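1. After the sequence you'll find the predicted model.
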Amino acid sequence: MTTAPVTDLRTETTLDVIRGDLLDAYADVRAPLLHLPNYAVTVFGERLDRHGTEPGFVAVLAYADGHPVGYAYGNQIEDGDRYWQRTSPAPAPEYTRRPAVALKEIGVRLGWRGTGTARRIHDALLAERDEPYVTLMVNPLAGDGKVHHLYRSWGYEDIGHSQPSPASPALTVMIRTTH
C-alpha cells in the first residue's frame, strides 16, 4: 500500500474547528497505548479541551487525501505554570523569564512516519510564535528511545523530568529555541 503524500497543513487556534479530526488522528497514532488509562481517547479529549482554552493555543494538522494523518498542538506557558512547577529540577530562569511554547502533543499515523511529516507539523506550529523557547515532555522509552533521539536531532536538550499525573509515565522535559 502506498501512502498518499501530505497535501495540506492547517493551522488553527479554535479547538472546535479541528477537535474531531484531532481525536481521530490521536486514536490511530496512539492505538497500541489506548488500553493504558493516561492514553485513553476520553482522557486525551479532556486534556485537549483544557489545553484548548489556555492562552496561545494553536494546533497544526496534516492531511493526505482529505484525512488527518498527523497533528501537533501547544499553548503558551509562563513562570509559575504547573508545567514548570512539575519539572524537576526547576528550570533555569532563562527559560521561564519570558513565556514559552509548550508542545503538548505531536503524533503522526504509522504510514506517514519517517517521511518528514512530524517535522513539517512541528515547524509549522512554531513558525509564527514569538516566544523564545519551546518545551516538550517525552517518554524516554517511547519507540525504544527513538522518539527522544529524534527530538534531540531537532535541537532539543534535556533539562529535567516530570510526571504530570500518577497515571503518566516519568517523562523527560526538553527545550530549544523556537527559531
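-> Sure, I can see it. Since this is a predicted model, take the numbers as computed values, not measurements.
2. Quick check, pLDDT for the closest residue to residue 96 other than its chain neighbours.
-> Once flanking residues are discounted, residue 96 sits nearest to residue 79: 4.0 Å by C-beta to C-beta, 6 or more residues apart in numbering. To be clear about C-beta, it is placed using only N, CA and C from the backbone, and glycine gets the same treatment. Predicted confidence (pLDDT) for residue 79: 95.
3. Check residue 2 too.
-> 54.
4. Also the one 4 residues further on?
-> For residue 6, the model assigns a pLDDT of 81.
5. Begin at 657 from now on, thanks
-> In the new numbering, first residue 657, that becomes residue 662.
6. Which residue is the nearest non-sequential neighbour of it?
-> residue 718 (4.7 Å).
7. partners of the helix or strand where that neighbour lies, with directions?
-> Using DSSP states H and E, residue 718 falls within strand 714-720. Sheet pairing of strand 714-720 (DSSP bridges) gives strand 664-668 (antiparallel), strand 723-733 (antiparallel).
8. Just after the last one, pick out the following helix or strand.
-> Translated: strand 723-733. Per DSSP H and E, strand 723-733 leads on to helix 738-741 as the next helix or strand towards the C-terminus.
9. Which SSE is immediately downstream of that following helix?
-> Sequence order places helix 749-752 as the next helix or strand after helix 738-741, per DSSP H and E.
10. what mean pLDDT would you report for that following helix?
-> On average, the pLDDT along helix 749-752 is 96.
11. buried set for it?
-> Neighbour-count burial for helix 749-752 flags 751-752 (criterion: 16 or more other C-beta atoms under 10 Å).
12. Other residues contacting that helix?
-> 734-735, 740, 789, 791, 815, 831 (C-beta atoms under 8 Å, 6 or more residues apart in numbering).
13. Which pair of these spans the longest distance?
-> 734 and 815 (16.6 Å; C-beta to C-beta).
14. The two - which one has more neighbours?
-> Taking other C-beta atoms under 10 Å, residue 734 and residue 815 do not tie; residue 815 has more neighbours (18 against 15).
15. next structured bit after the helix or strand encompassing the more buried one?
-> Counting by DSSP H and E, the element that carries residue 815 is strand 813-818. Counting by DSSP H and E, the next helix or strand C-terminal to strand 813-818 is strand 827-833.
16. Which strands and helices lie in contact with that following strand?
-> If contacts are counted by 3 or more C-beta pairs under 8 Å, 6 or more residues apart in numbering; DSSP states H and E, strand 827-833 sits against strand 789-794, helix 802-809, strand 813-818.
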